[in-house]
Structure formats: structure tokens, C-alpha cells
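> coords please:
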Amino acid sequence: MEIDPGGNCLRRFIIPVNFRATDYVGLIDWQPCDVTPPTVLRQISYHEFLKMIQDDVPMDGRDFIKFPSHTQAVERIVKLVTEASRKRVGPHNRDEFIRATLESRKQMSQLSPKKITKITLS
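Next up is the predicted model:
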């Protein structure tokens, strides 16, 4: 049971899992869910997709949208998010940390080495 946020009454928590399901898909009641197709399959119609399955057409020749999966930029962002979670508490503070770091990197990349002058000591 859970306590209402107002603290006035108790609310019974019902687990939304069907433990009597006979297969994996039956664990969840799919009726209230808004199920959408995966992004890479949105360009294929439902009937075309069913025909491809029935005819056992290989997906190799299909032109899918190219998504970068594991690039250096992705690794950089994962590292930054991990660093933010160590240094800041709360989603707002982490978001500010990430935005400030990205803005700082953007400004630093615009600096030209020619603009930096050497200071000579006499």
C-alpha cells in the first residue's frame, strides 16, 4: 500500500503484471498502451511488412535510416553524463552542468591559436 501524497488516505498498489500469462507478451495488458512501430520500420507499411515476413524476404537489401550507434561523439556524451551524475545531485543540476560543459567546449573550439599571444619574461 502507498500513502497518498496529501497524506489523507491509503491507496492499494496493484502490480500491473499478469502472472498467469502463458507467454512473454501476455505479461502486460497492451490495450491501454499506445504501441508505435520502431523508428527504422516507420517507412514500411503494415501490409508490406507482413508480406515481407510471409515471403521470407531478407532485410539485408532494405535501405534503412542510418543511425549512429557507437561513435566517438556518443562515447564523449556518455562520459559527460556519467561525470555529471557524480558531481551534481538532481536532474536540473545535472542538466545545467552538461549544458555548461558543452557550451564551454564549443567556445574553446572556436579559439584560434593565432589569437593567443606569447608573453615573454624579461
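
> Which secondary structure state is assigned to residue 76?
helix (DSSP: H, G, I helix; E, B strand; the rest coil).

> Please enumerate the helices of this structure.
Under the criterion DSSP state H, helices of the chain are mapped to 46-54, 72-87, 91-109.

> State the mean pLDDT of the first one.
What it means is helix 46-54. Averaged across helix 46-54, the pLDDT comes to 85.

> Now do residue 33 against residue 9, distance only.
Note on residue 33: its distance to residue 9, by C-beta to C-beta, to the nearest Å, is 28 Å. Yep, even glycine has a C-beta here, placed from its N, CA and C like the rest.

> re the thing from before, would you format the helices of the chain as a markdown table with distance to residue 37 included?
Conversion of these to a markdown table gives the following (distance: least, C-beta to C-beta, whole Å):
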| stretch | distance to residue 37 |
| --- | --- |
| helix 46-54 | 8 |
| helix 72-87 | 24 |
| helix 91-109 | 29 |
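
> Which one of these has the poorest average confidence?
helix 46-54 (a mean of 85).

> Now that one - C-alpha only, CSV.
C-alpha atoms of helix 46-54 as CSV (Å, rounded to 0.1, in the frame of the first residue of the first chain):
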residue,chain,number,x,y,z
TYR,A,46,2.0,-2.7,-42.3
HIS,A,47,0.8,-4.8,-45.3
GLU,A,48,4.3,-4.5,-46.9
PHE,A,49,5.9,-5.7,-43.7
LEU,A,50,3.5,-8.7,-43.3
LYS,A,51,4.2,-9.7,-47.0
MET,A,52,8.0,-9.5,-46.3
ILE,A,53,7.5,-11.8,-43.3
GLN,A,54,5.3,-14.3,-45.2
